[in-house]
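A.B. asks: pasted the sequence and its predicted model underneath.
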Amino acid sequence: MKGKEFYQILKERQTAGATDLTAATILEGAEAGEKFLLEGEEKVRVFADSHMGPRVFMERLGRSPKLLVFGAGHVSMPIIRIGKMLQFSVTVLEDRPKFADQARRAGADRVICEPFSRGLDQVELGPDTYVVIVTRGHRYDEDCLYGVLSREKESGTACAYVGMMGSRRRTAMVRERMRELGIAEEEIRRLHAPIGLAIGAETPEDIAVSIFAQIIQVKNEAERTEGYPQELLDAILEGYGSGEKTVRAVLATIISRQGSAPRSVGTKMLIREDGTTLGTIGGGCAESAVMQKAFQMMRIPESPRFLVTVVDMTAREAEEEGMVCGGRIQVMLEVTGS
């Protein structure tokens, strides 16, 4: 597949809730730029066996991360704000209208003001869901945790992260209670409780930072890349529309990195012909060099619509740019749009 067809099918499958997706792009030869969307391990294996020659970039896709917060007390407010800064889709469950309103003002994408059990029934859980339980009391925390772990057991699909606030003594008691309720030991071991990394957090903001430090740690250990967030897919598909407002773009994707390059493999940036961008591949002169190549691809008629380029940032260059990272990245550039 090339261009519009690939992105349309990808959007359809992600909207349908597909989670076991792999995107493959041929990097060299006559088929360079050809893209394949593979669903399931068997299709990935068959594809790999049949494409032993040319280099291929294989990318296991994760859907946009979702943050589910139980409770909208004072600790939840910085959790919501940091979640939005890190581009999580944030849903808050809170049974008190006054506190639910605070969550809306803090920027939550969705707030469900109902008893926690009923609210949980309205939320989708999956491998890209990060659950943070910070309600107003231990009884509520325990009920919410049991609800989440029971849903995981019923569906056979685990959330990416489940964390619950509480002291070591209290969380040990909750773990024992989960065993009594029939939750498997494997699921109990996955629980992050007390929640967050041990950084001596005291204020709500400190606690939120410790929680997200742990979430980021878990998220970055996963095999999946950040994939194609909904906003990015929509922006790409806009370029294939009709009319005067259609803007061509180049999608830049990091396909390998060496050294201390700031962004991971799979990170994407959309560079539009009008100079606007969506996302970043790390900033500085490395990103600037990639943008210049992208503009050439869009503005010079004989330029290729697909290429792979290397940006090498030495330590000295990084220092002059005011960046703490150097390293070498290989970037795949694809012209999108009509």
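C.D. replies: Everything's here; your move.
A.B. asks: contacts and neighbour counts: CA atoms only from here.
C.D. replies: Fine.
A.B. asks: need the outlier residue of this protein, farthest from its centre.
C.D. replies: For the chain, the C-alpha lying farthest from the average C-alpha position belongs to Glu302; by C-alpha atoms, centre = their mean, that distance is 35.6 Å.
A.B. asks: element containing that residue?
C.D. replies: Per DSSP states H and E, Glu302 falls between elements, in no helix or strand.
A.B. asks: phi, psi of it?
C.D. replies: In this entry, Glu302 is assigned phi and psi values of phi -80, psi 0 (degrees, to the nearest 10).
A.B. asks: ok, Glu34 touching Lys4?
C.D. replies: No: Glu34 is not in contact with Lys4 according to C-alpha atoms under 8 Å; the separation is 11.8 Å.
A.B. asks: quick one, phi psi at Gly17?
C.D. replies: On the backbone of Gly17 - angles per degrees, to the nearest 10 - the values are phi 90, psi 10.
A.B. asks: do you know how far it is from Val134?
C.D. replies: The gap separating Gly17 from Val134 is 27 Å, by C-alpha to C-alpha, to the nearest Å.
A.B. asks: ok, now Glu42?
C.D. replies: Glu42 sits 40 Å away from Val134, going by C-alpha to C-alpha.
A.B. asks: I'd like the mean pLDDT over stretch 241-252, please.
C.D. replies: Model confidence over stretch 241-252, given as mean pLDDT, is 78.
A.B. asks: try stretch 87-100
C.D. replies: Mean pLDDT, stretch 87-100: 96.
A.B. asks: which other residues reach that stretch?
C.D. replies: When contacts are defined by C-alpha atoms under 8 Å, 6 or more residues apart in numbering, stretch 87-100 is touched by residues 64-73, 80, 83-84, 103, 108-116, 119-120.
A.B. asks: show me what counts as buried in it.
C.D. replies: Within stretch 87-100, the residues that qualify as buried are Phe88, Ser89, Val90, Thr91, Val92, Leu93, Glu94, Asp95, Phe99, Ala100, counting by 16 or more other C-alpha atoms under 10 Å.
A.B. asks: quick check, nearest of those residues to Tyr161?
C.D. replies: The shortest gap between Tyr161 and any of the buried residues of stretch 87-100 belongs to Phe88, at 13.3 Å (C-alpha to C-alpha).
A.B. asks: from Thr157, how far off is the closest one?
C.D. replies: Summarising the geometry, the distance separating Phe88 from Thr157, computed by C-alpha to C-alpha, is 20 Å.
A.B. asks: now do Glu34
C.D. replies: Separation of Glu34 from Thr157 (C-alpha to C-alpha) stands at 32 Å.
A.B. asks: which of the two has more neighbours?
C.D. replies: Per other C-alpha atoms under 10 Å, whichever of Glu34 and Thr157 has more neighbours is Glu34, with 17 against 12.
A.B. asks: rewinding a little: so for the residue farthest from the centre of the chain, what pLDDT did the model give?
C.D. replies: Confidence at Glu302, expressed as pLDDT, is 91.
A.B. asks: list the contacts of it.
C.D. replies: Contacts for Glu302 were tallied using C-alpha under 8 Å, 6+ apart; there are none.
A.B. asks: same for the strand or helix carrying Lys84, what does it pack against?
C.D. replies: Using DSSP H and E, Lys84 sits within helix 76-85. Other elements packing on helix 76-85 under the criterion 3 or more C-alpha pairs under 8 Å, 6 or more residues apart in numbering; DSSP states H and E are strand 89-93, helix 97-106, helix 204-221.
A.B. asks: domain-wise, how is this protein divided?
C.D. replies: Taking automatic domain parsing as the criterion, the chain consists of the domains 4-59+225-336, 66-221.
A.B. asks: in terms of mean pLDDT, which of those domains ranks lowest?
C.D. replies: Of all the domains of the chain, domain 4-59+225-336 carries the lowest average pLDDT, namely a mean of 85.
A.B. asks: neighbour-wise, which of Gly17 and Val134 wins?
C.D. replies: Neighbour totals were compared for Gly17 and Val134, and Val134 leads with 24 against 12 (other C-alpha under 10 Å).
A.B. asks: list the contacts for the more buried one?
C.D. replies: With contacts taken as C-alpha under 8 Å, 6+ apart, Val134 has the following neighbours: Val69, Phe70, Gly71, Ala72, Gly73, Val75, Ser76, Asp141, Met164, Met165.
A.B. asks: the closest residue to Ser303 other than its chain neighbours - how many residues pack around it?
C.D. replies: The spatially closest residue to Ser303, leaving aside those adjacent along the chain, is Met297, at 5.0 Å (C-alpha to C-alpha, 6 or more residues apart in numbering). Neighbour count of Met297, defined by other C-alpha under 10 Å: 22.
A.B. asks: gap between Met297 and Pro97?
C.D. replies: Following C-alpha to C-alpha, the distance that separates Met297 from Pro97 is 53 Å.
A.B. asks: so which residues of the stretch 1-150 of the chain form helices?
C.D. replies: Taking DSSP state H, counting those that start in this stretch as the test, the helices found in the stretch 1-150 of the chain are 4-15, 41-50, 76-85, 97-106, 116-121, 138-155.
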